[in-house]
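Asks: Give me a 3D structure for the following:
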Amino acid sequence: MSIALSNQAKSTLRTAAYGAVSLVAAATSSPQKAAANASVALTSATGLVGHVLAANAKDIELKGKTVAELADRVLPALTAAMKLLAKQAPAEAANFRSTILLATEAAQTDLDRPSTTTAEMARKITAALDAAGVATADSGAAPAAAAGQDRPELQKAIEEIVGSGFVGVSLRVHDERGEWVGSAGAAELGGAEKPPTNGHHRIGSNTKTFTATLVLQLVAEGMLGLDDPVAKHLPEFGLDDRITVRMLLQHTSGVFNFTGEVSDDGTIASGIPIPYGTAGNEWLDNRFKTYRPQELVELALAKPARFEPGTGWSYSNTNYVLARLLIEKVTGRSYAEEMQRLILGPLGLSGTVVPDASPELPEPHANAYYRYDDTTVDVTRQNPSWISTGGDMISTTQDLHTFISALLGGKLLPAPLLAEMCTPHPTGIPNMDYGLGVFVVTTDGGGTVITHNGAAVGHAALMYGTPDGSKTLTAALNCVDDANLSIAAAFQNAQQRLVDEVFGGGQADPAQPTD
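Replies: Numbering: from 1, shown residues only. Here you go, the predicted structure:
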């Protein structure tokens, strides 16, 4: 879809956007770093705004200006840009606002000496955007494009998902029609307030896509090779020398899953106590216990392998805990530090958290619940170290959109490594193969979507994108979980319903809450 805007209008949008970057950068102690971080956020924009901001910005002459001079020019331009979009492309007003705010946050990430001047410039930018009088989802009001009346099928879908057994759902869709954001149900069991449209939630196995991307970035930096034997870097575990880095990311290593395995004949081999199955009450009683990654790996390696390395496919959380330890070994830095350096910082993902063993969930958020016997317990606070990088991260629907669109759009990985990531490997699941940290799903119409959903005891997260990242779906769901996985069927149906609505049909990734 082309933009029905004049060249002058496009210039106004670019001047406003890159002017905001220049304004915040000029007020920092590290202007080049701030401008670089913020520019990545701008070029990650999607929809009509994304097309404009991706265009050549040579017509913007903002260099050599003082902060005061920049402010005099940029702040009115931001207001003008918002009014322009509200009039000529209403669906993009909220998208533009959120993009600018994301860029200004990115400009302030990891600065040597954050200043009050920087914070004041960011405040003025927000005020200039809001002065246009265009309500947005991020400001607490629903924009016209996101209120549901222009996409009633999406609002209806999430309301029906709530009716299927979920406490609440929030959904974010970016496509050729712009951005749509909505929520349904409740943030708390029995409450009247809807889930926040951009609240924090535990994202389960979406963590694997972040982790795989991080490993591939280290491959791009030359710190390890995709076909390196993992034992070369982690000799302390006595791993089979045939297991490669690629096999970890692809789930073809055969290593036992520390959260338990179900064999082809239905036999269950238990791992650590998890919320599902016979150990549910044990997990609940010890939900603040801390596990260290090495402990989880050692437990898994004490069990027989599922198959010879490279001869099968079996989903194993152990692969991704080994990937975390691999990242830490080759860099000499923590997983969280590397995630901040290579992904969270450059993309300005201020709502995304690597929690390690912390049980806290930042506000705002919808609550998560777990039922055992006849008792329902609020498990919003829980120590996620039991799943580690198999599924411990926290994020928002906006951050997940920014991440998946940037990843698939080629902004995080060189083209050859992105192609490796999205190359499908057979899983045995019809129309659903696995790449490196992503499922590659064939839709009913013959199209392809890249996804990796996940669930984490009362919370679930959906993340889908077209192979070029131009269309995305991200969602957060909260529910009452239990040891019998009673919500699993509703979760599968919810995924399918939303994929059908947004991508024209597809099959949902079989992510389980033990992911």
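Asks: Any buried residues in stretch 434-451, and which?
Replies: For stretch 434-451, the neighbour count (16 or more other C-beta atoms under 10 Å) marks 434-443, 448-451 as buried. For the C-beta atoms, the positions are set from N, CA and C on the backbone; glycine is no exception.
Asks: Return the item of the residues you listed having minimum pLDDT.
Replies: The lowest pLDDT within the buried residues of stretch 434-451 belongs to residue 443, with 79.
Asks: from the buried residues of stretch 434-451, which ones fall inside strands?
Replies: In this view, these that belong to strands under DSSP state E are 434, 439-442, 448-451.
Asks: I'd like those residues as JSON lines, with distance to residue 170 appended.
Replies: Formatted as JSON lines, those follow (distance: C-beta to C-beta, whole Å):
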{"residue": "434", "distance to residue 170": "27"}
{"residue": "439", "distance to residue 170": "22"}
{"residue": "440", "distance to residue 170": "26"}
{"residue": "441", "distance to residue 170": "22"}
{"residue": "442", "distance to residue 170": "27"}
{"residue": "448", "distance to residue 170": "26"}
{"residue": "449", "distance to residue 170": "20"}
{"residue": "450", "distance to residue 170": "21"}
{"residue": "451", "distance to residue 170": "18"}
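Asks: closest to residue 175 among the residues you listed?
Replies: residue 449 (12.3 Å; C-beta to C-beta).
Asks: how far does stretch 449-465 stretch from start to finish?
Replies: 6 Å (C-alpha to C-alpha, to the nearest Å).
Asks: how near is residue 374 to residue 479?
Replies: 18 Å (C-beta to C-beta, to the nearest Å).
Asks: neighbour count winner among these two?
Replies: Taking other C-beta atoms under 10 Å, residue 374 and residue 479 do not tie; residue 479 has more neighbours (30 against 5).
Asks: how about the closest residue in space to residue 485 that isn't next to it in sequence, phi and psi?
Replies: Residue nearest to residue 485 in three dimensions, not counting chain neighbours: residue 276, with 5.5 Å by C-beta to C-beta, 6 or more residues apart in numbering. Per-residue torsions, residue 276: phi -120, psi 140 (degrees, to the nearest 10).
Asks: and residue 276, how many neighbours does it have?
Replies: Residue 276: 19 neighbours (other C-beta under 10 Å).
Asks: Equivalent analysis for residue 182, please.
Replies: Residue 182 has 23 nearby residues by other C-beta under 10 Å.
Asks: ok, now the one 3 residues further on?
Replies: Residues near residue 185, counting by other C-beta under 10 Å, number 21.
Asks: doesn't residue 167 make contact with it?
Replies: Yes - when contacts are counted by C-beta atoms under 8 Å, residue 185 is listed as touching residue 167 (5.6 Å).
Asks: Pull the contacting residues for residue 77.
Replies: 12, 15-16, 19 (C-beta atoms under 8 Å, 6 or more residues apart in numbering).
Asks: And it, how close does it get to residue 309?
Replies: Residue 77 sits 57 Å away from residue 309, taking C-beta to C-beta as the criterion.
Asks: Residue 220 now?
Replies: Going from residue 220 to residue 309 by C-beta to C-beta gives 24 Å.
Asks: Same question for residue 294.
Replies: Taking C-beta to C-beta, one finds residue 294 at 21 Å from residue 309.
Asks: Which of these two has more residues huddled nearby?
Replies: Each of residue 294 and residue 309 has its neighbours counted (other C-beta under 10 Å); residue 309 has more, 19 against 13.
Asks: Need the three-state assignment for the residue nearest to the more buried one when sequence neighbours are not counted.
Replies: Of all residues not flanking residue 309 in the chain, residue 242 sits nearest, at 4.1 Å (C-beta to C-beta, 6+ apart). With DSSP: H, G, I helix; E, B strand; the rest coil as the basis, residue 242 sits in coil.
Asks: ok, now residue 181?
Replies: Classification of residue 181 using three-state DSSP returns strand.
Asks: I figured it was touching residue 199, is that so?
Replies: No - using C-beta under 8 Å, residue 181 is not in contact with residue 199; the gap is 11.7 Å.
Asks: what residues are shared contacts of those two?
Replies: By C-beta under 8 Å, 6+ apart, the residues touching both residue 181 and residue 199 are residue 170.
Asks: more crowded one of those two?
Replies: For residue 181 versus residue 199, the count of surrounding residues by other C-beta under 10 Å is larger for residue 181: 29 against 21.
Asks: How much space separates that one from residue 79?
Replies: Look at residue 181 and residue 79: by C-beta to C-beta, they are 22 Å apart.
Asks: Let me know the next secondary structure element after the helix or strand hosting residue 17.
Replies: Per DSSP states H and E: residue 17 is located in helix 7-26. As assigned by DSSP H and E, the chain's next helix or strand after helix 7-26 is helix 31-43.
Asks: next one: the helix or strand that that next one is followed by to chain centre, how far?
Replies: As assigned by DSSP H and E, the chain's next helix or strand after helix 31-43 is helix 47-54. From the chain centre to the centre of helix 47-54 is a distance of 21 Å (C-alpha atoms, centre = their mean, to the nearest Å).
Asks: looking at it, residue 401 is touching residue 172, isn't it?
Replies: Yes - the criterion here is C-beta under 8 Å, and residue 401 meets it with residue 172 at 5.6 Å.
Asks: Show the contacting residues for residue 486.
Replies: Residues in contact with residue 486 (C-beta under 8 Å, 6+ apart) are residue 165.
Asks: wait, is it part of a strand?
Replies: No - with three-state DSSP as the criterion, residue 486 is assigned coil and is not in a strand.
Asks: measure it to residue 372 for me?
Replies: From residue 486 to residue 372 the distance is 12 Å (C-beta to C-beta).
Asks: what's the answer for residue 500, then?
Replies: 34 Å.
Asks: and if you look at residue 480?
Replies: Residue 480 is 11 Å from residue 372, by C-beta to C-beta.
Asks: Quick check: which element contains the residue nearest to the spatial centre of the chain?
Replies: The geometric centre of the chain, computed from its C-alpha atoms, lies nearest to residue 400 (C-alpha atoms, centre = their mean), at 2.7 Å. Here residue 400 sits within helix 397-408, counting by DSSP H and E.
Asks: Point out the other helices and strands that that helix packs with.
Replies: Applying 3 or more C-beta pairs under 8 Å, 6 or more residues apart in numbering; DSSP states H and E, one finds that helix 397-408 contacts helix 93-107, strand 168-175, helix 206-220, helix 345-347, strand 459-465, strand 472-478.
Asks: export the ones you listed to a markdown table and tack on mean neighbour count, mean pLDDT and distance to residue 160?
Replies: Output for the helices and strands packed on helix 397-408, formatted as a markdown table (neighbours: other C-beta atoms under 10 Å; pLDDT from 0 to 100; distance: least, C-beta to C-beta, whole Å):
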| stretch | mean neighbour count | mean pLDDT | distance to residue 160 |
| --- | --- | --- | --- |
| helix 93-107 | 26 | 79 | 24 |
| strand 168-175 | 26 | 96 | 10 |
| helix 206-220 | 25 | 98 | 23 |
| helix 345-347 | 21 | 93 | 33 |
| strand 459-465 | 28 | 97 | 15 |
| strand 472-478 | 28 | 97 | 13 |
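Asks: in the stretch 101-250 of the chain, which ranges drop under the pLDDT threshold?
Replies: 109-116, 132-149 (pLDDT under 70).
Asks: Having no further points to raise, I will conclude here.
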